[in-house]
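Peer 1: Here is my input; please provide its structure:
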Amino acid sequence: MLIVRPVRISDLPVIETMAVDSGIGVTSLPNNREKLYEKIQTSLGAFEHEAVAGTGREYYMFVLEDDGQVVGTASISASAGFEEPFYSYRSETMVHASRALKVNNRIHVLNMCHDLTGMVQLCGFYCMPNLSLRALELLSRARLLYMAAARERFGRRILVEMQGILDANAQSPFWDAIGRRFFNMDFPQVEQAFAQRSKTFIAELMPTYPIYVPLLPDQAQNAIGQIHPDFERPFNILSREGFEADNYIDIFDGGAVLTAEVDQLFSMRQQLRAQVEVAPVLPEGAEEMVISNHRSDQFALAQAHASLVDDVLFITPDTARALSLACGQIACVAPLLQAEQGRVAA
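Peer 2: Numbering: from 1, shown residues only. Below you'll find the predicted structure:
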């Protein structure tokens, strides 16, 4: 059975392996044992607090288990840029006009900003290769259903950064056109620095004036707002949830930044709470559902067969054990995304 739960210290070796395998694509999963240990410790502290009302410091790391083996990880940052500004480029249009020459031009520009600072951020998403779409969806949605169980801990708006286009040598055309000129560093080098050091170096070295997009090479222009092929499946999951590309892009590779209103996301709107009844044989009409134990501390989530009858959720003993649920307790249940794919896409 696939289970999502909070990370533990004992997960550090496999998290290290994932950090290596993820390459430069997941900056919030640094290839650095001390940094990873620090993230796990921070996550443990966040989960242990019984009542957190939006302090913003919290970082929650989850892992996906397949029959007891950790095969994926994903995280939530309660407030992007809590200690330092969260930098991005805002994509805008400037008008250059001359009445005398009868010229009126609209020019695409990029302005460095920290407008997204303070928003909830989904980050650190990585799964072992060849995992099913079902597994990826479960891990991605677990973060949102945890937010449903601890809604007071999180703000109103949410963002996700998607990795942008890279070439065969893991270089970014967008970075080569802008950032390299100010940092004199390859893209993998600056991504590693971003993952392991203070982000203030961005403000110290990057230009603060508007970047005129027409002056960039064609490859760099074409990379703006695009998504790396390896991130297409996570992107499709997030799109079905209700995330949309905003007028912000990643400051390094130009990748899309997705945003949404937390309470308007599919998992948040469709989730409901029901009293649990454990039954060896489920009533007729049982179907696959995403089920969590709706706890902010000992959180657990799985996809399993269940039957919802008059606000009572019938689950099997195996599901009850996996989620540490007993008769009379409250669970959170949500439908599968695939069942709603056509409606959401429409």
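Peer 1: Mind giving me the packing neighbours of the host helix or strand of residue 13?
Peer 2: Taking DSSP states H and E as the criterion, residue 13 maps to helix 12-21. With contacts defined as 3 or more C-beta pairs under 8 Å, 6 or more residues apart in numbering; DSSP states H and E, helix 12-21 has these neighbours: helix 33-48, strand 69-77. For glycine as for every other residue, the C-beta is placed from the backbone atoms N, C-alpha and C.
Peer 1: Please identify the deepest-packed of these.
Peer 2: Most buried of these by mean neighbour count (mean count of other C-beta atoms under 10 Å) is strand 69-77; its value is a mean of 22.
Peer 1: Tell me what angle that one forms with helix 12-21.
Peer 2: Angle of strand 69-77 versus helix 12-21, following axes from the mean of the first three to the mean of the last three C-alpha atoms, to 10 degrees, is 70 degrees.
Peer 1: And strand 69-77, what does it pack against?
Peer 2: Strand 69-77 sits against helix 12-21, strand 59-66, strand 120-127, helix 133-149, with contacts defined as 3+ C-beta pairs under 8 Å, 6+ apart.
Peer 1: Out of the ones you listed, flag the one nearest residue 254.
Peer 2: Residue 254 sits nearest to strand 120-127 of all the helices and strands packed on strand 69-77, at 18.1 Å, using C-beta to C-beta.
Peer 1: tilt between the closest one and helix 133-149?
Peer 2: Inter-element angle recorded for strand 120-127 and helix 133-149: 150 degrees (by the same axes, to 10 degrees).
Peer 1: Direction included, what does strand 120-127 pair against?
Peer 2: When pairs are called by DSSP bridges, strand 120-127 turns out to pair with strand 69-77 (antiparallel), strand 157-161 (parallel).
Peer 1: Of those strands, which is nearest residue 184?
Peer 2: Of all those, strand 157-161 sits nearest to residue 184, with 24.0 Å by C-beta to C-beta.
Peer 1: Buried ones in that closest one, by neighbour count?
Peer 2: Buried residues in strand 157-161, counted by 16 or more other C-beta atoms under 10 Å: 158-161.
Peer 1: what are the ranges of the strands in the stretch 101-250 of the chain?
Peer 2: Taking DSSP state E, counting those that start in this stretch as the criterion, the stretch 101-250 of the chain contains strands spanning 103-113, 120-127, 157-161, 211-212, 244-249.
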